[in-house]
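In: test case, fold it:
(chains A and B)
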Number of protein chains: 2
Amino acid sequence: IIYQYSATLISNLCLQQNLSQNDLNIRTLISTGINIANAYYYDIIHHSVSVTLIYPFLAVNMGVVSRNWLYVKKFDGEPTDENFQLTEEELPALEDGEFLAQAEFLSVDPYMRPYMGRFPVGSLMIGGQVAKIVESKHAKFPVGAKVFGQFGWRTHTVCNPDKTQGDKPYLLPDFGTLPSSLALGILGMPGNTAYFGFLEICTPKEGETVVVSGAAGAVGSVVGQIAKLKGCQVIGIAGSDDKCQWLKTLGFDHAINYKTENVLEALKTAAPKGIDCYFDNVGGTITESVMRLMNLFGRISVCGTISNYNTGPTMVQDPQRDFVFKQLKMEGFIVSRWRDRWLEGILANLDWIKQGKLQYEETVTKGFDNMPKAFMDMLKGGNTGKAIVKVE
Amino acid sequence: IIYQYSATLISNLCLQQNLSQNDLNIRTLISTGINIANAYYYDIIHHSVSVTLIYPFLAVNMGVVSRNWLYVKKFDGEPTDENFQLTEEELPALEDGEFLAQAEFLSVDPYMRPYMGRFPVGSLMIGGQVAKIVESKHAKFPVGAKVFGQFGWRTHTVCNPDKTQGDKPYLLPDFGTLPSSLALGILGMPGNTAYFGFLEICTPKEGETVVVSGAAGAVGSVVGQIAKLKGCQVIGIAGSDDKCQWLKTLGFDHAINYKTENVLEALKTAAPKGIDCYFDNVGGTITESVMRLMNLFGRISVCGTISNYNTGPTMVQDPQRDFVFKQLKMEGFIVSRWRDRWLEGILANLDWIKQGKLQYEETVTKGFDNMPKAFMDMLKGGNTGKAIVKVE
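Out: This next block holds a predicted model:
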């Protein structure tokens, strides 16, 4: 069944890339991890005759039926309903070492928009979820436990955690009275993205001025609060007055609505001493404006570029000159590089929440059927804090 | 006399910036260092009411006459003869702790083009020189010794090394049989720029692919050779077939003439495995092409942007998206950050030269009167290796 499934995908891929199947050097792997996809993607574009097919999860015929959202048409501009198709899949009986997980909350994140471009049409939509283990043949993943896994957009998953490559599924740490959905947000990937991506790359110092773009999102809202905890002056850039208002309640010193204000002028007023650290979630012209006000030895952490995920990169002023004369440092990252320190980030954020020093917001869409809608709304900036879907 | 001199400069500055002198908070310092200028420049642009006047050297009436090139008209586009004026200045008798130095070789470097924009009209042109001490009231700087100093474009200089801020003058290390002019190039600032800027920021590993732009210049030619010494595959980008030919004799694996070749296509051929390290001397569209081929976890050291010193930054494709997904790291630098390790770089390069592992070229213009010509030629890419002026 693996090979049957592969054949369809290979055909699609060959058609898209105008290749003969004989030109392809096929490798097949079973993976839960977007990182593996990432690594192999570079392989593909650099060698062009090597094709890797990524199966977020292997699932063959029997028993429980999972509902899956497939990626059936290449994204071009803003995603629409036509890019997605809901299908059903019978899952196999468990083998030793496997468990069956039932999704409770699923994540929709900006990265899915650019990442899916690397997968062939027909692939399962990628993504993390919080799921309850409903059947198990793995001693460390007992029935009733809650697990976070990169299972994709599906309601049920058969998983062998020991054979998973990339980001392995893990049992949720004890969140006390906090909801398990936070494992998709402030106590999961976005929270760790903020924690590591800001502290490790921006290395903020007390009294410095920090700017965060995409500040009302799942990551940006946490970055700004951590910057305040580190004694910085914090300016957030977001896309509505309501979001700006919320940022103020989180303790941001200034919030700029980029849809109604001149960002450069507003930054000059809000950051009279210039900008020492910039945490970039958006790229494009907003970033161009921030760059102009960076201070000597400024640090820029590049987390995402949501401004151009639907359109491709825009043109900006060549930044190199300021890099030289202001001796700027910029680094992009994918949070999985801190995989070995995963729990450290979660526990740090958990501790701050318990102390009342870190707040969060979730924008919850109800119903697995609404996954595409939640995803599309999030890309348009419809969410405040973390966008998630609750399976009903 | 200091204050008289200041008054003229202040007037000029006020005129240029349309300010009343009463608005200004004047600070005066005597400095040899471009770094101080740099630091204060940011002060000026960020506070706009604070003006710092930089005197590369204080010189008042008496005795020896120095010939000085002044910056008498703001650069606008390519420099022309009108930007410079040759003047004479009587130097004072030496006081205790001072020496009198007579220039033998002067440096013309790309950085002078953007840096002079920070100085008021009427300032001495900035720059380093190798000079012979012809009179001394400082025990550690005896008559006959050779000194490197940031004295500017002048034939004679009275200097108190202990009171110099920024980059202090230093006696040349023993170069053996090598010419003292190398203290302006491979055994001075450009050599150290290559040594530290490449090794510390690009952290090259054996087998990696390194691209150098401005590769036939004083810095780029050394970077490429050091990359070869570290076991890398090295591609240079330069502006003529002769330069490319020279790069091949230095051991570069590939050399691309950006004036006659499509840089992106040529890079794809020369770097089939992608690019791990990029040492950027030029910025602009060449850099845009290199960026597109960077590998995961690539490192970019930004040393200069000579492509736009005469024109201002061009527009390029927003690079942020590749920064995220390829997890790139980029850092700009000014070599003075390694001031405390200055001799380490010089001695390492000297050692490689003595072992025959590092080659250099100088493009020598004769005559102090030809300083502007040498500078303008260098900005147009007329030099191979280090551009210097020999005082006759």
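
In: so what's the residue in the stretch 151-300 of chain A that chain B sits nearest to up against?
Out: Of all residues in the stretch 151-300 of chain A, A:Gly283 sits closest to chain B, at 3.6 Å by CB to the nearest CB. (Each C-beta comes from the backbone N, C-alpha and C, glycine too.) A:Gly283 makes contact with A:Val302, A:Gly304, A:Thr305, A:Ile306, A:Ser307, A:Asn308, A:Pro313, B:Asp318, B:Gln320, B:Arg321, according to CB atoms under 8 Å, 6 or more residues apart in numbering or on different chains.

In: model confidence at the first one, what's the number?
Out: Looking at A:Val302, its pLDDT stands at 98.

In: A:Asn295 touches A:Asp276, doesn't it?
Out: Yes. With contact defined as CB atoms under 8 Å, A:Asn295 reaches A:Asp276; the gap is 5.3 Å.

In: which of the two has more residues huddled nearby?
Out: The neighbour count for A:Asn295 versus A:Asp276, taken as other CB atoms under 10 Å in any protein chain shown, is higher for A:Asp276 (23 against 19).

In: now A:Trp352: closest residue in space that isn't a chain neighbour?
Out: A:Leu358 (3.8 Å; CB to CB, 6 or more residues apart in numbering or on different chains).

In: that neighbour: neighbour count?
Out: A:Leu358 has 23 nearby residues by other CB under 10 Å.

In: what about it, which SS state?
Out: At A:Leu358 the chain is in coil, as set by DSSP: H, G, I helix; E, B strand; the rest coil.

In: circling back: need the overlap of contacts for A:Asn295 and A:Asp276.
Out: In contact with both A:Asn295 and A:Asp276: A:Thr209, using CB under 8 Å, 6+ apart.

In: returning to that earlier point: pLDDT score for the residue of the stretch 151-300 of chain A closest to chain B?
Out: So, for A:Gly283, pLDDT stands at 96.

In: residues of the stretch 101-250 of chain A that sit close to chain B?
Out: Within the stretch 101-250 of chain A, the positions lying close to chain B (CB under 8 Å from any CB of the partner chain) are A:Pro114.

In: in the stretch 101-250 of chain A, which spans are strands?
Out: Using DSSP state E, counting those that start in this stretch, the strands of the stretch 101-250 of chain A run over residues A:123-124, A:129-136, A:146-149, A:156-159, A:170-171, A:209-213, A:233-238.

In: show residues contacting the fourth one.
Out: Contacts of strand A:156-159 with the rest of the structure, by CB under 8 Å, 6+ apart, involve A:32, A:57-59, A:64-67, A:91-92, A:94, A:98-103, A:131, A:149, A:151, A:169.

In: that strand pairs with which strands, parallel or anti?
Out: Here strand A:156-159 is paired, per DSSP bridges, with strand A:99-107 (antiparallel).

In: tell me the buried residues within the contacts of strand A:156-159.
Out: A:32, A:57-59, A:64, A:66-67, A:91-92, A:94, A:98-103, A:131, A:149, A:151, A:169 (16 or more other CB atoms under 10 Å in any protein chain shown).

In: bridging residues for A:Cys159?
Out: Counting by DSSP bridges, the residues bridging with A:Cys159 are A:Phe99.

In: neighbours around it, how many?
Out: A:Cys159 has 28 nearby residues by other CB under 10 Å.

In: now A:Asn68
Out: Neighbour tally, A:Asn68, other CB under 10 Å: 23.

In: list the contacts of the closest residue to it other than its chain neighbours.
Out: Once flanking residues are discounted, A:Asn68 sits nearest to A:Arg154: 4.4 Å by CB to CB, 6+ apart. Neighbour list for A:Arg154: A:Phe57, A:Ser66, A:Arg67, A:Asn68, A:Trp69, A:Glu89, A:Ala103, A:Leu124 [criterion: CB under 8 Å, 6+ apart].

In: give me that answer again for 7 Å
Out: A:Arg154 makes contact with A:Ser66, A:Arg67, A:Asn68, A:Ala103, A:Leu124 under the criterion CB atoms under 7 Å, 6 or more residues apart in numbering or on different chains.

In: just A:Gly381 next, same as before
Out: A:Gly239.

In: how far away from the center of its chain is stretch A:199-212?
Out: 22 Å (CA atoms, centre = their mean, to the nearest Å).

In: other residues contacting that stretch?
Out: By CB under 7 Å, 6+ apart, stretch A:199-212 touches A:220, A:223-224, A:226-227, A:230-237, A:267, A:271, A:273-279, A:290, A:299, A:301, A:331, A:333.

In: just the buried ones out of these, please.
Out: A:220, A:223-224, A:226-227, A:230, A:232-237, A:267, A:271, A:274-279, A:290, A:299, A:301, A:331, A:333.

In: quick one: end-to-end distance for stretch A:169-182.
Out: Its first and final residues considered, stretch A:169-182 spans 16 Å by CA to CA, to the nearest Å.

In: hang on, the earlier thing: compare the strands of the stretch 101-250 of chain A and give me the one nearest B:Leu182.
Out: Across the strands of the stretch 101-250 of chain A, the minimum distance to B:Leu182, taken as CB to CB, is reached by strand A:209-213, at 43.0 Å.

In: and that closest one with strand A:233-238, angle?
Out: 10 degrees (axes from the mean of the first three to the mean of the last three CA atoms, to 10 degrees).

In: partner strands of strand A:209-213 and their direction?
Out: For strand A:209-213, pairing defined by DSSP bridges yields strand A:233-238 (parallel), strand A:275-280 (parallel).

In: format the ones you listed as CSV; extra columns: mean pLDDT.
Out: Formatted as CSV, the strands paired with strand A:209-213 follow (pLDDT from 0 to 100):
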stretch, mean pLDDT
strand A:233-238, 98
strand A:275-280, 98
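
In: and stretch A:76-83, average pLDDT?
Out: On average, stretch A:76-83 scores 96.

In: need the contact list for the closest residue to A:Gly284 other than its chain neighbours.
Out: Using CB to CB, 6+ apart and skipping the chain neighbours, the partner closest in space to A:Gly284 is A:Ser307 (3.8 Å). By CB under 7 Å, 6+ apart, the contact set of A:Ser307 is A:Val282, A:Gly283, A:Gly284, A:Ile286.

In: could you check the pLDDT of A:Ser307?
Out: 91.

In: pLDDT weak spots in chain A?
Out: Counting by pLDDT under 70, chain A shows low-confidence ranges at A:1-62.

In: now do the helices in it.
Out: Taking DSSP state H to define them, one finds helices in chain A at A:2-17, A:34-47, A:112-116, A:189-202, A:220-229, A:241-249, A:263-270, A:284-292, A:320-325, A:342-354, A:371-379.

In: tell me which of those is the most buried.
Out: helix A:220-229 (a mean of 26; mean count of other CB atoms under 10 Å in any protein chain shown).

In: how much does that helix deviate in direction from strand A:209-213?
Out: Using the same axes, to 10 degrees: helix A:220-229 against strand A:209-213 is 170 degrees.

In: what's helix A:220-229 packed up against?
Out: For helix A:220-229, the packing partners by 3 or more CB pairs under 7 Å, 6 or more residues apart in numbering or on different chains; DSSP states H and E come out as helix A:189-202, strand A:209-213, strand A:233-238.

In: export those as CSV, with columns for distance to B:Lys248.
Out: Below are the helices and strands packed on helix A:220-229 laid out as CSV (distance: least, CB to CB, whole Å):
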stretch, distance to B:Lys248
helix A:189-202, 39
strand A:209-213, 45
strand A:233-238, 49
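
In: residue in the stretch 51-200 of chain A nearest to chain B?
Out: Residue nearest to chain B within the stretch 51-200 of chain A: A:Pro114 (6.9 Å; CB to the nearest CB).

In: tell me how far that residue lies from A:Tyr309.
Out: Taking CB to CB, to the nearest Å as the measure, A:Pro114 falls 5 Å from A:Tyr309.

In: ditto for A:Tyr71
Out: 15 Å.

In: repeat for A:Lys73
Out: Taking CB to CB, one finds A:Lys73 at 17 Å from A:Tyr309.

In: between those two, which is the more surrounded one?
Out: Legend: neighbour count by other CB under 10 Å for A:Lys73 and A:Tyr309, higher for A:Tyr309 (22 against 14).

In: that concludes my questions; thank you for your assistance.
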